[in-house]
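*Asks:* sequence and predicted structure are below.
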Amino acid sequence: MDNKLKKEIGSIEKLNKNKKFECLHPDCKAMSIGSHSQQHNGQLKIISKNDEVYAMNFNMYEVLTKGSSAFSLVKTPIKNASTYPGFCQSHDGQIFAPIEKHSLHLNNTLQVATLFLRAITYEITRKKLAHFKTNKILEKCAKLLPAETVENYKLQNLGREKFINNDLPFYLKKAYSACNTPNSGVLKSKWIVINKVIKASNCTVFCPIRDSVERYYHQAIACPQVMSTFNLVPTANETHVVVSWLTEHDKDNHWIDDAMENQLEKFINYIAICESEDICLGPDLWESVDVFTREKVHFAMHHELYRGSLNEIPIIIKI
Ligand SMILES: [Zn+2]
């Protein structure tokens, strides 16, 4: 890779890192701070060692210069893990209070709605950041990249624009409506408490449609795409697994109840590893995994469109 391109990507990464958006609270025009999709002093602190966890490396510059795989878990200070420019200072505190200032209570509908909103706003912001970064690359580096890559980036951003313009307002509206009226039936959820502290934490959206053809159709064409949310939240003495979805998507989520009741460990590993790039693992857990299994985990984290369907789900999170 030539030096000019490296330099451009490096400065784009810096812009991306410091990028702020308008607060995602309706009618708020203040600029965002670094919100956490996984509570810094809660779930991340609990799984950490010396205030560090293993999280996905998203920095393209480091990947290009240091040659590490684009999908690898790297030791990350908990203050930098799972951050996203989602809300302004005051709304960040206000919106997440039900899950950060109060302990989790099985099936509490306001907490279900807040966890849903957190996963949705994290996904929205990640898409907005990827769109911003890709636009900058197209602006600054188009001449330095192969034509095919440029075309690919353009197509990826068209998909993100569709998401930002259509799916984003749809899901935000639903999530706020669930938070404002938690018992109105906007959401359904499945919540299980495990009686031990699991050294893994996650907050993600996933597509519950299991038929891959139908899934691609939904991701590519149907609007808005079907998204459910998954939160894996270890606390001081137990671990909460909370999955929620829009009631209008109930049909696509029917299998979740059975999967969580009868194959919880497999389900957790499937969503947290194969369906998500947002897993944070405690050093105690990740460092005890052998190198072959680590490779399988890295591979499984690739998007389904690249890796194809999986023959095996690596089970590293033991319940
Ligand atoms: Zn705000």
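*Replies:* In hand now; what should we look at? Numbering: from 1, shown residues only.
*Asks:* show me where pLDDT drops low in the stretch 51-200 of the chain?
*Replies:* For the stretch 51-200 of the chain, the stretches with pLDDT under 70 are 63-71.
*Asks:* what do you get if the cut-off is 90, keeping everything else the same?
*Replies:* For the stretch 51-200 of the chain, the stretches with pLDDT under 90 are 56-72, 80-83, 141, 143-146, 149, 159.
*Asks:* the ion contacts on that one?
*Replies:* Neighbours of the ion within the stretch 51-200 of the chain, by CB under 5 Å from the ion: 88, 91. Bear in mind the C-beta positions are built from the backbone N, C-alpha and C, glycine included.
*Asks:* which single residue in the stretch 151-300 of the chain comes nearest to the ion?
*Replies:* Residue nearest to the ion within the stretch 151-300 of the chain (CB to the ion): residue 176, separated by 12.5 Å.
*Asks:* quick check: that residue vs residue 312, distance?
*Replies:* According to CB to CB, to the nearest Å, residue 176 stands 39 Å off from residue 312.
*Asks:* low-confidence ranges in the stretch 201-319 of the chain?
*Replies:* Scanning the stretch 201-319 of the chain for pLDDT under 90 picks out 210-225, 274-278, 295-296, 298-314.
*Asks:* all helices for it, in order.
*Replies:* Ranges of helices in the stretch 201-319 of the chain, per DSSP state H, counting those that start in this stretch, are 212-220, 254-262, 264-269, 283-286, 291-301, 304-307.
*Asks:* other SSEs contacting the fourth one?
*Replies:* By that I understand helix 283-286. Using 3 or more CB pairs under 8 Å, 6 or more residues apart in numbering; DSSP states H and E, the elements in contact with helix 283-286 are strand 52-56.
*Asks:* the strand it packs on to helix 291-301, inter-axis angle?
*Replies:* Relative orientation of strand 52-56 versus helix 291-301 (axes from the mean of the first three to the mean of the last three CA atoms, to 10 degrees): 50 degrees.
*Asks:* specify the local secondary structure of residue 189.
*Replies:* At residue 189 the chain is in strand, as set by DSSP: H, G, I helix; E, B strand; the rest coil.
*Asks:* show me what the residue lying closest to it once chain neighbours are set aside bridges to in the sheet.
*Replies:* For residue 189, ignoring the flanking residues on the chain, the nearest one in space by CB to CB, 6 or more residues apart in numbering is residue 244 at 3.9 Å. Beta-bridge pairing for residue 244 (DSSP bridges): residue 189, residue 229.
*Asks:* please name the nearest non-neighbouring residue to the residue of the stretch 151-300 of the chain closest to the ion.
*Replies:* Excluding its sequence neighbours, the residue lying closest to residue 176 (CB to CB, 6+ apart) is residue 26, at 6.4 Å.
*Asks:* and for the one you found, the neighbour number?
*Replies:* As a burial measure, residue 26 scores 10 neighbours (other CB atoms under 10 Å).
*Asks:* ok, it to the ion distance?
*Replies:* According to CB to the ion, to the nearest Å, residue 26 and the ion sit 9 Å apart.
*Asks:* that residue contacts residue 175, doesn't it?
*Replies:* No. Contact between residue 26 and residue 175 fails when scored by CB atoms under 8 Å: they sit 10.6 Å apart.
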